[in-house]
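# sequence first, predicted model second:
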Amino acid sequence: MKYENVRLTEAVRRIRMIFVVGVIAACVLYGGKIPAFAEDTQEQYDSSQSSYGQLLEQEGDTSGILQFGGQIIEDEASDSSEASLAAANSKKYESAIVGAVEKFSPRLNVKSWGLTTRNVANVVTTAMNAHPEVVYVARYSYLYDQTTGKVVYLKFSYKPNARTEKKQLDAAIAEVNKQINTKNMKPAEIVLAYHEFLTSTVAYDTSGAKEFDPTTGRDHMYDMYGVLVKRSSVCQGYAETMWYFLRKAGVPSGVATSQYVNHAWNVVNIGGKWYHVDATWDDPASDIPGRSMHDYFLVSFDTLNSKTKAASSDYYLGRYDTKVGNVWKGTYSNATDKRYEKGQFWNGVEKVIFYRKGYWYSIKQGSQSSYYQINKYSFSNGVNTTIFTGQDEWLDTDGTTLNKQYGTLFLAQEKLYFCTSRYVAWIDLEVNERKAWAIYDIRQKYVSGVNIYGMGYYGNDVVIWVSDTPSCTRKDAYYLGACMSHKWQAGEVTKQPTFTSQGSQKYKCSNCGYTKNVTLDKLKLATVTVKTKNTGKGISLTWNTDSKATGYKVYRRTGKGAYRLIKTVKGSSVRSMVDRSVVGGKTYTYRVSAYNSYTKGGSKAKSQYYIGCTTARAKNTSQGVRVSWKKTKGAAGYKIYKKTGSGRFKCVKVVKAKTTTYLDRRVKSGTKYTYFVKPYKGKTAGTYKKASVKYR
């Protein structure tokens, strides 16, 4: 078990007056008034701020910024109006501050924000803590008017390799998102997924506190870069990383800190109730591959506090001074619910739990100390199933039996590895999850005196640790050689599928040689999509074809009636027909299915409202050209189109369904005119026949 003895100790609000020879000289030149000066000649501080007096630079307070090793602190603004101002605009400030540092801007003009020396630290702290992925700021300071106390500029200094580190962290975050897909997970298993990730891949940094460096800032042992890139961190890094991913996954959560135990952890809200999660204290301080406790996972505050006090006499005060910040979604209230402390599949599990395809795999001691069992649990139905059992004993150096199981799991693709005291074996979860294959036997090298006590990540490697003690002081180590990402070669079809039987295809990984057989579905006919169109003779149907078909069956229904077969079309290449038995003003829905002697394919329906064909007639009159037509069934109106000579058709009139004539007065003698009348209803149109006349 590990506990932080790391505490950020830096003087708060140390005022640094910037005196240089040039400025002293300016005292004389300006009659004792010392103007603010710019960091460079490219961008001077706003010279128009005559209302401001002398600007002083003050080092920013980072004691509440988690990335700097800080802890959640109370709002220090003594003026309630100033505190309210900061709170009311926190999102605006957060966006502006984070936007500036993400662009590596050296300073940010905040004179319009109304910030003062009393609330500026709270504003910057809130913004930084809300974005634990911002790990490249070395320090910040601010310039303020000594007369009014108003803050005018925020200044930021960045770590020497800031841009590179940002890219590295972005890539590491993307890799975690690739490994952990929370899309179909329940909130509790989302929390479990990130808990297991942290306890299995991160080593607690025991190197001790580093002195604050004005150039490089705080060491990465406090932040997400330490967790995801260096794989080494203290509690702040664990807590920030957990909170970052939980927020992205939509789980209400926050960060909790206690000065009594000098520690940071998380709170999460599941089903409207708050719980504590301490991944750091569930991750043994002496990093043992595969070891992951669940004593501090989804527990009440009382349980958290009692376990803390019981862990060491140094923590007799417990965590009664707990402060919770960074709460995303909701307001934290005391965590009193204990439903997850008993009867859960993770209770008593001391090794990493792995997720695959809806199941969580764990190993724990059986009903007797000499037995172990591998289980799989489903959150969807709450069933914990034992898939493999075995008997094994861990022997002490004097030959006596240790009354405990120390077996460990590791999941790589479809292979679930597990270790006993002497063997490492694996189960193929795709083929047979109740059969194991041994791959290592340490007794080939060690006759007695040592056992396997650890298996899992150590840095970026997957290792097996051999030791003579459960505390796992490493005596020897093996690389597991697990393939973490298969690269499949082109599949070889070993059995062709037919319409009546399945086939199979064999794949081989070029990285590890693992082979898998994939079942090929029975052959199916293509799903046919039909297209419809109104014509003068009926509704035209066209569809896609399938060379494996004998023909096509065409089904139709009128309105909301039942489908009935209206035609069987023979020939795989036939792709169209016209349904002539339709009546204007009715809606018809069609399905076309491919068929052969074995099966029938699927179909997609298409509806068509039928409007027939309108035939126009054009006749010269003394008043112009009179266009006439007969009523067309299904039409709600008519659109009359006209073109002059060889010109383009234009709609000249829209009339209602009862109208059957139109007089065109805009005609000239000796000119040829062509007309057509398009019947329509809504966006559906019927067909038409044109009529031409030369006006005399």
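Arrived safely. As the structure is a prediction and not an experimental result, all values here were calculated from the model.
# which residue ranges of the protein form helices?
Listed in chain order, the helices of the chain (DSSP state H) span 21-29, 80-88, 90-102, 120-129, 162-179, 187-201, 224-225, 235-248, 301-311.
# ok and the longest one relative to helix 235-248, angle-wise?
I take that to be helix 162-179. For the pair helix 162-179 and helix 235-248, the angle between their directions (axes from the mean of the first three to the mean of the last three CA atoms, to 10 degrees) equals 60 degrees.
# got the domain boundaries for the chain?
15-162, 164-341, 354-479, 528-609, 613-694 (automatic domain parsing).
# and those domains: which comes nearest Thr500?
Shortest separation from Thr500 across the domains of the chain is recorded for domain 528-609, at 6.2 Å, computed as CB to CB. (C-beta placed from N, C-alpha, C; glycine too.)
# and of the helices of the chain, who's closest to Tyr507?
Closest approach to Tyr507 among the helices of the chain (CB to CB): helix 162-179, 21.0 Å.
# before we move on, back to that, need the domains of the chain in CSV with mean pLDDT and mean neighbour count, can you?
Below are those laid out as CSV (pLDDT from 0 to 100; neighbours: other CB atoms under 10 Å):
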stretch, mean pLDDT, mean neighbour count
domain 15-162, 72, 17
domain 164-341, 92, 20
domain 354-479, 90, 17
domain 528-609, 97, 16
domain 613-694, 97, 16
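# what about those domains, which gets the closest to Val493?
Each of those was scored for nearness to Val493 using CB to CB, and the closest is domain 528-609 (17.2 Å).
# what about the closest one, distance to the chain center?
Put simply, domain 528-609 sits 43 Å off its chain's centre (CA atoms, centre = their mean, to the nearest Å).
# end to end on that domain, go ahead and measure it.
End-to-end distance of domain 528-609 (CA to CA, to the nearest Å): 21 Å.
# can you list contacts of stretch 616-628?
Outside stretch 616-628, the residues that touch it by CB atoms under 8 Å, 6 or more residues apart in numbering are 629, 640, 660-667, 673, 675-677, 688-693, 695-696.
# among the residues you listed, which are located in strands?
Assigned to strands by DSSP state E, the following of the contacts of stretch 616-628 qualify: 640, 661-664, 673, 675-677, 688-689, 691-693.
# could I get those residues as TSV with distance to Thr148?
Putting those into TSV (distance: CB to CB, whole Å) gives the following:
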residue	distance to Thr148
Ile640	77
Thr661	85
Tyr662	80
Leu663	83
Asp664	81
Tyr673	83
Tyr675	82
Phe676	80
Val677	80
Tyr688	80
Lys689	86
Ala691	86
Ser692	87
Val693	88
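# between these, which is nearest Thr401?
Distance ranking of the ones in strands among the contacts of stretch 616-628 against Thr401, using CB to CB, places Tyr688 first at 96.0 Å.
# I'd say the closest one and Val677 touch.
Yes - with contact defined as CB atoms under 8 Å, Tyr688 and Val677 form a contacting pair (5.8 Å).
# any shared contact partners between the two?
In terms of CB under 8 Å, 6+ apart, Tyr688 and Val677 are both contacted by the residues 614, 616.
# residues contacting Thr216?
With contacts defined as CB under 8 Å, 6+ apart, the neighbours of Thr216 are 138, 159-160.
# and of those, the nearest to Thr535?
Nearest to Thr535, judged by CB to CB, of the contacts of Thr216 is Lys159 at 72.8 Å.
# circling back to that earlier point, include distance to Lys495 when you put the domains of the chain into JSON lines, please.
As requested, those are exported to JSON lines (distance: least, CB to CB, whole Å):
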{"stretch": "domain 15-162", "distance to Lys495": "50"}
{"stretch": "domain 164-341", "distance to Lys495": "32"}
{"stretch": "domain 354-479", "distance to Lys495": "17"}
{"stretch": "domain 528-609", "distance to Lys495": "17"}
{"stretch": "domain 613-694", "distance to Lys495": "50"}
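# tell me which of these approaches Thr515 most closely.
Counting by CB to CB, Thr515 lies closest to domain 354-479 out of the domains of the chain; the figure is 10.4 Å.
# can you name the residues bridging to Phe676?
Taking DSSP bridges as the rule, Phe676 bridges to Tyr641.
# what does stretch 381-395 rub up against?
Stretch 381-395 is touched from outside by 345, 366, 370-377, 401-402, 404-407, 418, 420-422, 427, 433-434, 436, 448-449, 451, 453, 470, with contacts defined as CB under 8 Å, 6+ apart.
# and the most far-flung residue of the chain relative to its centre, its phi and psi?
What lies farthest from the middle of the chain is Ser622; by CA atoms, centre = their mean that is 75.7 Å. Phi and psi for Ser622, reported as degrees, to the nearest 10, are phi -70, psi -20.
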